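*Asks:* I'll drop the sequence and a predicted model, then ask my questions.
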Amino acid sequence: MSRPADPPVTLVAIDDDERSLALLAEALAQDGLEILTVNRASEGLELVLRKRPPIVLVDLRMPELSGMQVLERVLEADPGAEVLLMTGHYSPESAVEAIQKGACDYMTKPLDLGKLGQRIRQLLDAIRRRRLALQLDHELLQACQFEGMVGRSPLMMEVFARIQRVAPHYRTALVTGATGTGKELAARALHKLSPVASGPYAVCNCSAIVETLFESELFGHVKGAFTGAVQDRAGLFEYAHGGTVVLDEIGELPLACQAKLLRVLQNHEVQRVGSPGVRKVDVRVVAATNRDLRSLAAQRRFREDLYFRLAMMEIRLPSLGERPDDLLLLERHFLEHFAGLYGKPFRALTRRAQTFLARYPWPGNVRELENVLGHACMMAQGDAIDINDLPPNLLEGTTGRMPQSELVPLEEMQRRHVLRVLERVEGNKVRAAEILGIGRTTLYRLLAQYESPLPHSPAEAAPVS
């Protein structure tokens, strides 16, 4: 399949030296690269924030803003940008600081134009590969969708195949899986691929109905059957005649209603509350639950005969944790969905956002992922979703995440460790120095820096020869 030609990659160079800019523009000129030069830091930053170029070259020392300040502002707006710093005043400290702040390279003036050209070509190749990967991800996403569900993992491929095999023939089916795994989508797929796809599709959430109203809701009632029954009313099964009834959270169905449901499944007939007559119905029934019906049946909290009737054809949906191969695909699916919904041109998730989401356990499964990315897409201002766009409660509650109280500088961690060791040996500096693997002189120097008076141990009272 042919693809449209790639648009040119934009490079913005910011330097207060006009000659350097002219030299850069001439040396780096090539097909597929659009070079924009600016000789004022503030104007250059404004251009970068407006154009969002994937490559930015910045001089370190400029009158209005320093290159470090420009670097921070650029990466704050677009964490995926490749920023190279240039300087005629090299120092190892500034080089390390630049790399730590996210610069992809740090070059010394006068620039080695051959080396710079090679570095730019490497960046262009990487950017084009990312563009191709995004295009392929989009095509893969189209190929891995099945009736509104997204997946390419073996577990989901098996779910899709099972639905396709079952849909033309089932009369009753049981869809199981944890909350947020997509049971409603599976139920709708069964209906859509069945012979009654053009018939009614009725859903009953069994956990949301008052127990005294279950029979009336499912099977209907006649006028005068109970207080408030002012007219005859058809139930869910009569309404869905010739179609499909979905009983969501069927584990919440009262035992009395379970017996009547079993009669519907066996005899294909319903009896309205208050009426001695029966009415024939032709419906397919999909029951869905996140509970273990087999265990409930063993505890006599669910009718065993009804369980076996439903479980004759069971489709189990895996949790998101069981299908990690699908995470990137689902992220792409929701990004495209919310980009269209909110009218925002989202390109992708940043690498650090992807890493964070890959480490999160997803107790709420696909529904939680959808909610998280929906929030992120609504809050994001750029064309890429970064970690700071994710919901605050997700960032604070991540399993295994270092507590905020432990996010301290290395020097503070060193100080705490030294004092903790000293406390464990009851102030014996000789023993503490041995445990820490440092000399006593070094330990005394550190303690002087910490200004932490500590008790002398008996072992230190005697002079050491």
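*Replies:* Looks like it arrived, so ask away. Numbers count the residues shown, from 1 in each chain.
*Asks:* For the rest of this, base every contact and every neighbour count on C-alpha atoms.
*Replies:* Will do.
*Asks:* Show me what the top helix by length along the chain is packed up against.
*Replies:* Identified as the longest helix of the chain according to DSSP state H is helix 113-143. When contacts are defined as 3 or more CA pairs under 8 Å, 6 or more residues apart in numbering; DSSP states H and E, helix 113-143 packs onto helix 18-28, helix 327-342.
*Asks:* following the last one, which helix or strand shows up next?
*Replies:* Following helix 327-342 in sequence order, the next helix or strand is strand 348-349 (DSSP states H and E).
*Asks:* returning to that earlier point: so for the longest helix of the chain, what gets flagged as buried?
*Replies:* Residues Leu116, Ile120, Leu123, Leu124, Ile127, Arg128, Asp137, His138, Leu141 are the ones in helix 113-143 that count as buried (16 or more other CA atoms under 10 Å).
*Asks:* got TSV for the helices and strands packed on helix 113-143, with distance to Glu423, mean pLDDT and mean neighbour count too?
*Replies:* Listed next are the helices and strands packed on helix 113-143 as TSV, based on distance: least, CA to CA, whole Å; pLDDT from 0 to 100; neighbours: other CA atoms under 10 Å:
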stretch	distance to Glu423	mean pLDDT	mean neighbour count
helix 18-28	59	90	15
helix 327-342	47	90	18
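*Asks:* wait, which of those is closest to Pro54?
*Replies:* Closest to Pro54 of those, according to CA to CA: helix 18-28, at 15.2 Å.
*Asks:* returning to that earlier point: can you put the buried residues of helix 113-143 in TSV and add distance to Ser20 and pLDDT?
*Replies:* As requested, the buried residues of helix 113-143 are arranged in TSV below (distance: CA to CA, whole Å; pLDDT from 0 to 100):
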residue	distance to Ser20	pLDDT
Leu116	13	91
Ile120	16	92
Leu123	21	91
Leu124	21	92
Ile127	25	88
Arg128	27	90
Asp137	40	78
His138	41	80
Leu141	45	84
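*Asks:* quick one on the thing from earlier: mind checking the helices and strands packed on helix 113-143 for the one nearest to Asn371?
*Replies:* Closest among the helices and strands packed on helix 113-143, using CA to CA: helix 327-342, at 9.4 Å.
*Asks:* mind giving me the domain ranges of this structure?
*Replies:* Annotated domains of the chain cover 9-140, 165-316, 323-403, 410-461 [automatic domain parsing].
*Asks:* Which one, of the ones you listed, ends up nearest to Val150?
*Replies:* Closest approach to Val150 among those (CA to CA): domain 323-403, 6.5 Å.
*Asks:* show me where pLDDT drops low in the stretch 101-250 of the chain?
*Replies:* Residue ranges of the stretch 101-250 of the chain with pLDDT under 70: none are present.
*Asks:* follow-up on the earlier one: so which pair among the buried residues of helix 113-143 is furthest apart in space?
*Replies:* Of all pairs drawn from the buried residues of helix 113-143, the greatest distance, 37.1 Å, lies between Leu116 and Leu141 (CA to CA).
*Asks:* Alright, calling it a day.
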